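A.B. asks: return atomic coordinates for the entry below.
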Amino acid sequence: MTVRLTAEWALWGKQPGTRDGEKVLACSEGKVGGDDFSKIITRYAPGTSTELPQVTLSWFGGDASAHLGLAVQEWSDERDGLGRDIAITRYFCVPYARAAEGPVSFHGLYQAFAGCALPVAG
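C.D. replies: Purely as a prediction, here's the structure:
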């Protein structure tokens, strides 16, 4: 059985060339907003490893609003205002109830999102 999921997403990192801290740089327009993504990403952030990419799994919400989350942290080609490399995080989430309708694994989610560059339209 194939389960079709619609994901919401956020792009987290620093603005290139600035001394600003990390923040939501862009996000989808859905039920989960930028402030929500900021709280979720910082809650599950493992810190920046020197070995990237790094994948983190998460969950948030409850009952009908429960979601599964997958964050992929990797190096960008950009540097901040101090000349340091910038790590970016692509965060994706899907409704748990919809994912529970069939066999959906975190590995399957990772494969589905691995090639998704953010931001994306829609």
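
A.B. asks: hey, let's count contacts and neighbours off CA atoms from now on
C.D. replies: Fine.

A.B. asks: run through the neighbouring helices and strands of the longest helix along the chain.
C.D. replies: In the chain, taking DSSP state H as the definition, the longest helix is helix 34-44. When contacts are defined as 3 or more Cα pairs under 8 Å, 6 or more residues apart in numbering; DSSP states H and E, helix 34-44 sits against strand 23-27, strand 54-60.

A.B. asks: the same query, at a cut-off of 10 Å, please.
C.D. replies: Judged by 3 or more Cα pairs under 10 Å, 6 or more residues apart in numbering; DSSP states H and E, helix 34-44 is in contact with strand 8-13, strand 23-27, strand 54-60, strand 67-79, strand 85-95.

A.B. asks: isn't residue 103 up against residue 2?
C.D. replies: Yes: between residue 103 and residue 2 a contact is recorded at 7.9 Å, counting by Cα atoms under 10 Å.

A.B. asks: so what's residue 79 closest to, chain neighbours aside?
C.D. replies: Nearest residue to residue 79, sequence neighbours excluded (Cα to Cα, 6 or more residues apart in numbering): residue 85, at 4.6 Å.

A.B. asks: what does residue 119 give?
C.D. replies: Using Cα to Cα, 6+ apart, the closest residue to residue 119 is residue 26 (6.3 Å).

A.B. asks: check residue 18 too.
C.D. replies: With Cα to Cα, 6+ apart, the residue lying closest to residue 18 is residue 81, at 4.2 Å.

A.B. asks: what kind of secondary structure is that neighbour in?
C.D. replies: coil (DSSP: H, G, I helix; E, B strand; the rest coil).

A.B. asks: could you measure the residue at minimal distance from the centre of the chain against residue 19, distance?
C.D. replies: The chain has residue 91 as the residue nearest its centroid, 0.5 Å off, counting by Cα atoms, centre = their mean. Distance, residue 91 to residue 19, using Cα to Cα, to the nearest Å: 23 Å.

A.B. asks: what does residue 7 give?
C.D. replies: Applying Cα to Cα, the value for residue 7 to residue 19 is 31 Å.

A.B. asks: and residue 51, by the same measure?
C.D. replies: From residue 51 to residue 19 the distance is 23 Å (Cα to Cα).
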